[in-house]
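# quick one: sequence and predicted model below, then my questions.
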Protein chains: 2
Amino acid sequence: MANPAQPTPYKGSGKLRPEELIYQEMLDAILDRRLEPGMKLIEEDLAKTFSVSRARIRATFLQLAHDKLINLVPNRGAFIAEPTIDEAIEVFSARRMIEDGVVRKIAANMTPDRASQIREHLEREHQAHHAGDHRAAIILSGEFHLLLARLAGNLVIEEFLERLILRSSLIIAMYESPQPVDCSHSEHETLLNALLGGDPDAAAAEMAKHLDAIRDRLQLQRPKPAKTDFASIFGRNPKSVAS
Amino acid sequence: MANPAQPTPYKGSGKLRPEELIYQEMLDAILDRRLEPGMKLIEEDLAKTFSVSRARIRATFLQLAHDKLINLVPNRGAFIAEPTIDEAIEVFSARRMIEDGVVRKIAANMTPDRASQIREHLEREHQAHHAGDHRAAIILSGEFHLLLARLAGNLVIEEFLERLILRSSLIIAMYESPQPVDCSHSEHETLLNALLGGDPDAAAAEMAKHLDAIRDRLQLQRPKPAKTDFASIFGRNPKSVAS
DNA sequence: GCATGCAAAATTGTTAACAATCCATATTTT
DNA sequence: AAAATATGGATTGTTAACAATTTTGCATGC
């Protein structure tokens, strides 16, 4: 009849299941572009890579698919997601909405400790930028927004935004302009100043500007074909390539 | 190497996989409280109920767990989530943040069509309320917010909010006050008026008030238990459960 | 009566084999 | 030569059996 409350509702206490670990590792790989849109994920290969059963990889796939980070095509397998242009626009629009609230919250109750956390992060971004470490710069750039989400003090928002940032990573990988425009690095500093100003409206406005800037640096018109398309490269008309 | 783009990226075109169907059905059951916090979900029972393999139930569990709608306890099984008080507070706080943006968007570009969609929904809420159909009223109340999310025109936000509303449903089930205070029914009308006013700030303020009101009607102190009968819950004939 | 310990039952976790499907290549046909 | 058609290999999907674990019921002793 009545269900006994489970004694240990699995508080984070226990050690991480290997399952979660693989999931996390794939998230990392997506964030720093080792996994690119369109890539096929072969169950058995991954199973061997992680020394784990195929079933577990399958379970991981389900989670990733739920986050829209991969596509699960019946009988065909799993592919790193290739966000459409519409999707890209919606993701950035959603981020605007959410991060608006985030920065308002932070600006409204800024503390010295939080400020220094942000500054410290910016310092790392700065270093990566100077060192010409493009990969690190990209990762840190994403983590900047994650840090803000964390500082907003709402786990729900934090997790949600994490997923949006991961999706953004795929979007950027797909649609970034050929010559990588100088990254948002400096914009983050502007943002910090706005946050320190303590004016929520100003901070929100700055964040909106920043996100729009990121979006506008993309080429949201023609997709970057996942595989090289020689026909277009050499200006020829691909005769009748199967549609 | 280069990956061939998948020919059919699984546009919604195809028919729903039975997997998604079960998932959806459990969401429904959570939304209208046929599944209550703490309930144990037994894989084999559910498998029989839905005439499906245990593996598929397992997959469904993973998705639900990812939404924090159930708890997956190693070696113990799956339980309908029992959101903690802290979690409850965070969920409502997150909703405030998001729905703030939602109503602003709607208020900013209200159209006659949208207005009538909302009115139509309110009418149904009204009827359910008058008919004393408490269950229907609860469901419709949740769907009101979902409708707004949809009208905001952002699929990402819509899906996210859907999950938060489902979590809210569990929260309310856990912490509602004994004598069900008159539901937010009338508050929704107030909200509509604010939306029609075309003033985003006013609308946002109204939504904030509404969400706070819901939260404040809860007794964020003590939980309550539940019992289990899948066959009746899902209105199915348990396939000859060998007894 | 209540706690303790043990054995049986129920339930979850894992694996491996097999079936179904798809993809790429080779072969035939026109 | 181009199109259509078989064929083999690779990959995913499913199932069932088994292993590991937890829960339950019962007997025992204090």
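Structure's in. What do you need? Numbers count the residues shown, from 1 in each chain, chains lettered A, B, ... in the order given.

# going forward, measure contacts between C-alpha atoms and count neighbours the same way
Fine.

# so which strand or helix has the residue nearest the centre of chain A?
By Cα atoms, centre = their mean, chain A has its centre lying nearest to residue A:166, at 1.7 Å. Element membership for residue A:166 (DSSP states H and E) is helix A:155-175.

# pLDDT of the helix or strand following that helix, averaged?
Of the helices and strands lying after helix A:155-175 in sequence (DSSP H and E), the nearest is helix A:185-197. Averaging pLDDT along helix A:185-197 gives 91.

# hmm, back to that, next, the buried residues of the helix holding residue A:166.
Neighbour counts over helix A:155-175 (16 or more other Cα atoms under 10 Å in any protein chain shown) mark A:155-158, A:160-175 as buried.

# could you pull up phi and psi at the closest residue to residue A:78 other than its chain neighbours?
In space, and not counting its chain neighbours, residue A:78 is closest to residue A:72: 4.6 Å by Cα to Cα, 6 or more residues apart in numbering or on different chains. With angles defined as degrees, to the nearest 10, residue A:72 sits at phi -110, psi 110.

# run a quick neighbour tally on residue A:72.
21 (other Cα atoms under 10 Å in any protein chain shown).

# which positions in chain A make contact with DNA strand C?
A:52, A:53, A:55, A:75, A:76 (Cα under 7 Å from any atom of the strand).

# is residue A:38 in a helix, a strand, or coil?
Here residue A:38 is recorded as coil under DSSP: H, G, I helix; E, B strand; the rest coil.

# and the residue nearest to the centre of chain A, how far from residue B:154?
As defined by Cα to Cα, to the nearest Å, residue A:166 lies at a distance of 18 Å from residue B:154.

# OK, contacts around the closest residue in space to residue A:170 that isn't next to it in sequence?
Counting by Cα to Cα, 6+ apart, residue A:170 lies nearest to residue A:37, which is 6.3 Å off, once chain neighbours are set aside. Residue A:37 makes contacts with A:79, A:80, A:81, A:82, A:170, A:173, A:174, A:226, as judged by Cα atoms under 8 Å, 6 or more residues apart in numbering or on different chains.

# go with 7 Å
Counting by Cα atoms under 7 Å, 6 or more residues apart in numbering or on different chains, residue A:37 makes contact with A:80, A:81, A:82, A:170, A:174.

# same deal with residue A:195?
A:107, A:203.

# where does the prediction get shaky in chain A?
Chain A contains residues with pLDDT under 70 at A:1-18, A:180-183, A:222-243.

# quick one: is the longest helix seen in chain A near chain B?
Secondary structure of chain A per DSSP state H: the longest helix is helix A:85-108. Yes: under the criterion of Cα under 7 Å from any Cα of the partner chain, chain B is reached by helix A:85-108 at A:90, A:91, A:94, A:97, A:98, A:101.

# with adjacent residues omitted, what lies nearest to residue A:114?
Using Cα to Cα, 6+ apart, the closest residue to residue A:114 is residue A:151 (7.1 Å).

# any figure for the gap between the one you found and DNA strand D?
Look at residue A:151 and DNA strand D: by Cα to the nearest atom of the strand, to the nearest Å, they are 36 Å apart.

# residue A:139 too?
Per Cα to the nearest atom of the strand, residue A:139 is found 28 Å from DNA strand D.

# that residue sits in which helix or strand?
Counting by DSSP H and E, residue A:139 is found in helix A:134-151.

# please report phi then psi for residue A:73.
phi -100, psi 120.

# next one: residue A:74
Here the main-chain torsion angles of residue A:74 (degrees, to the nearest 10) amount to phi -50, psi 130.

# swap in the one 3 residues further on?
Listed backbone geometry of residue A:77 is phi 120, psi -160, with angles given as degrees, to the nearest 10.

# and what of residue A:28?
Dihedral angles (degrees, to the nearest 10) for residue A:28: phi -60, psi -50.

# how many neighbouring residues does it have?
15.

# and it, how far is that from residue A:170?
12 Å.

# same check, this time on residue A:145
Distance, residue A:145 to residue A:170, by Cα to Cα: 16 Å.

# before we move on, what about residue A:42?
19 Å.

# repeat for residue A:133
19 Å.

# check residue A:121 too.
Residue A:121 is 23 Å from residue A:170, by Cα to Cα.

# ok, now residue A:216?
16 Å.

# do residue A:150 as well
Separation of residue A:150 from residue A:170 (Cα to Cα) stands at 22 Å.

# what's the domain layout of chain A?
A:18-80, A:85-217 (automatic domain parsing).

# residue A:103 and residue A:205 touch, don't they?
No: using Cα atoms under 7 Å, residue A:103 is not in contact with residue A:205; the gap is 9.5 Å.

# from the middle of its chain, how far away would stretch A:41-52 be?
In this view, stretch A:41-52 has its centroid 23 Å away from the chain centroid, taken as Cα atoms, centre = their mean, to the nearest Å.

# let me redo that: stretch A:134-148
Distance, centroid of stretch A:134-148 to centroid of chain: 9 Å (Cα atoms, centre = their mean).

# hmm, that stretch in reach of chain B?
No: for stretch A:134-148, no contact with chain B is found by Cα under 7 Å from any Cα; the gap never falls below 14.8 Å.

# for that stretch, output the C-alpha coordinates as CSV.
Once non-C-alpha atoms are left out, stretch A:134-148 reads as follows in CSV (Å, rounded to 0.1, in the frame of the first residue of the first chain):
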residue,chain,number,x,y,z
HIS,A,134,42.1,29.2,-29.6
ARG,A,135,40.7,26.0,-28.3
ALA,A,136,41.0,27.0,-24.7
ALA,A,137,39.6,30.4,-25.5
ILE,A,138,36.5,28.8,-26.9
ILE,A,139,35.9,26.6,-23.9
LEU,A,140,36.5,29.4,-21.5
SER,A,141,34.2,31.6,-23.4
GLY,A,142,31.4,29.1,-22.9
GLU,A,143,32.3,28.6,-19.3
PHE,A,144,32.0,32.3,-18.7
HIS,A,145,28.3,32.1,-19.3
LEU,A,146,28.1,29.0,-17.2
LEU,A,147,29.8,30.8,-14.3
LEU,A,148,27.3,33.5,-14.5
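
# which residues touch that stretch?
By Cα under 7 Å, 6+ apart, stretch A:134-148 touches A:31, A:32, A:121, A:125, A:128, A:129, A:162, A:165.

# buried residues in it, which are they?
Buried residues in stretch A:134-148 (16+ other Cα under 10 Å): A:136-148.

# also stretch A:185-205?
Buried residues in stretch A:185-205 (16+ other Cα under 10 Å): A:185, A:187-189, A:191-192, A:194-196, A:198, A:200-205.

# ok, stretch A:115-134 next?
Going by neighbour count (16+ other Cα under 10 Å), the buried part of stretch A:115-134 is A:115, A:118, A:121, A:122, A:124, A:125, A:126, A:128, A:129.

# show me these that map onto helices.
Checked against DSSP H, the buried residues of stretch A:115-134 include these in helices: A:115, A:118, A:121, A:122, A:124, A:125, A:126, A:128, A:129.

# okay, these in a markdown table with distance to residue B:60 next?
Formatted as a markdown table, these follow (distance: Cα to Cα, whole Å):
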| residue | distance to residue B:60 |
| --- | --- |
| A:115 | 42 |
| A:118 | 39 |
| A:121 | 39 |
| A:122 | 41 |
| A:124 | 41 |
| A:125 | 40 |
| A:126 | 44 |
| A:128 | 42 |
| A:129 | 43 |
